[in-house]
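Student: predicted model, plus sequence, below.
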Amino acid sequence: MLVGVDVAKAELVVGTRPAAERWVVANDERGVRTLVERLARDAPELIVLEATGGYELLAVAALAAAGLPVVVVNPRQVRDFARATGQLAKTDRIDADILALFAERVRPDVRPLRDEAAHELDALLGRRRQLLDMLQAERNRLGQVFGKGHARVKKSLKAHISYLERELRIADADLGTMVRQSPAWREQDELLRSVPGVGPVMSRTLLADLPELGRLSRREIAKLVGVAPLSRDSGTLRGRRFVQGGRASVRAVLYMAALVATKRNAVIKAFYQRLLAAGKPKKLALVACMRKLLTILNTMVRLRQRWNADIAVLTLQTA
């Protein structure tokens, strides 16, 4: 049996294949307990849920704790799959059926569930991103206020900006403390930060948002993050390759790390300059550097080996 679970704030809608059964439970402690007990009796091959901003965490944690094969997938991937099947309507019940069909046709791999501490780290990173967004918005508003008649507005904006900057410093300090308190994370954090161009934000984002690092092949990890070149061909037409999808939070920090690495990391810098000399556009060359940097990090974590320029060059040559 294949199971799809559509997650909402108040309820969980369950669809199954091939029996096409459908049922609903509340998205709370009692409802999730009912969900786990029923699925444990049915012994499904695979249970698929979408990432829904945190509403799925209780159900996922309970299903995984019960030893059930649960996978959390990217909502965009599921919507693309639904459109490919001709299903354009969207309701909770339709979504549950589509998720069950997705489980049957695509069979996504069961990925390791992050533990409670990793979830806490993920929450701290999410809060940090919220603070950065609010800080940028307030700075933009301050830049749009002109004239003496807006003195009070300026004062309010500046006070709020100072508060957000203070909260951001606290969030960064909390992240650092959490990493230092975990021996396993401390080892991996130090390993990742041994790479020129990889700083604390990049390392902590990988720890929280990419637990598969070091466990997948270079192609699989690149596709998961969204830096693998995708084909756009039809018939005799050959379109330019492009990247999309994947984990946006990881891709955003990977972009900044690759940008720094093109200046401070001799291996990535040489690779970047070689692409530019070959006539590649700067943006395309930088995306290639993102992919190569991710490949190097993936290999280092798998081998549990700190930065070594010679090994990095060999990794690039075989990638």
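Tutor: That came in fine, so what should we check first? Numbering: from 1, shown residues only.
Student: switch to C-alpha atoms for all contacts and neighbour counts from now on
Tutor: Will do.
Student: before we move on, what SS does Leu49 have?
Tutor: Using DSSP: H, G, I helix; E, B strand; the rest coil, the secondary structure recorded for Leu49 is strand.
Student: what mean pLDDT does stretch 103-117 get?
Tutor: What stretch 103-117 shows for mean pLDDT is 72.
Student: Ile47: how many residues sit nearby?
Tutor: By the criterion of other CA atoms under 10 Å, Ile47 has 28 neighbours.
Student: mind starting the numbering at 33 from now?
Tutor: Renumbered: residue one is now 33, and that last one reads Ile79.
Student: I'd assumed Ala96 was in contact with it.
Tutor: No: if you go by CA atoms under 8 Å, Ile79 and Ala96 don't touch, sitting 10.1 Å apart.
Student: show me whatever sits in contact with both of the two.
Tutor: Residues touching both Ile79 and Ala96 (CA atoms under 8 Å, 6 or more residues apart in numbering): Val102.
Student: ok, so what distance separates the closest residue to Ala260 other than its chain neighbours from Val319?
Tutor: Once flanking residues are discounted, Ala260 sits nearest to Ala254: 5.0 Å by CA to CA, 6 or more residues apart in numbering. Relative to Val319, Ala254 is positioned 11 Å away (CA to CA, to the nearest Å).
Student: residue contacts, the residue most central in space within the chain?
Tutor: Central residue of the chain (CA atoms, centre = their mean): Arg279, 3.3 Å from the mean position. Listed by CA under 8 Å, 6+ apart, the contact partners of Arg279 are 256-258.
Student: ranking by neighbours, what's the top pick from these?
Tutor: Val257 (23 neighbours).
Student: which strand or helix spans the nearest residue to that residue once chain neighbours are set aside?
Tutor: Spatially, and ignoring its direct neighbours in sequence, Val257 is nearest to Gly278 (4.4 Å; CA to CA, 6+ apart). Per DSSP states H and E, Gly278 falls between elements, in no helix or strand.
Student: show the pLDDT at Gly278.
Tutor: Taking Gly278 on its own, its pLDDT is 72.
Student: could you pull out the helices in the stretch 133-282 of the chain for me?
Tutor: Taking DSSP state H, counting those that start in this stretch, the helices of the stretch 133-282 of the chain run over residues 148-175, 183-213, 215-225, 232-241, 250-257, 280-296.
Student: lowest mean pLDDT across those, which one is that?
Tutor: helix 215-225 has the lowest average pLDDT among these, namely a mean of 78.
Student: now what about that one, what contacts it?
Tutor: 211-212, 230-232, 235-236, 239, 329, 332-333, 336-339.
Student: separation between Leu174 and Tyr195?
Tutor: Taken as CA to CA, the span from Leu174 to Tyr195 is 15 Å.
Student: looking at the two, which one has more neighbours?
Tutor: Leu174 (17 against 13).
Student: for the more buried one, give me its contacts.
Tutor: Leu174 neighbours (CA under 8 Å, 6+ apart): 186, 189-190.
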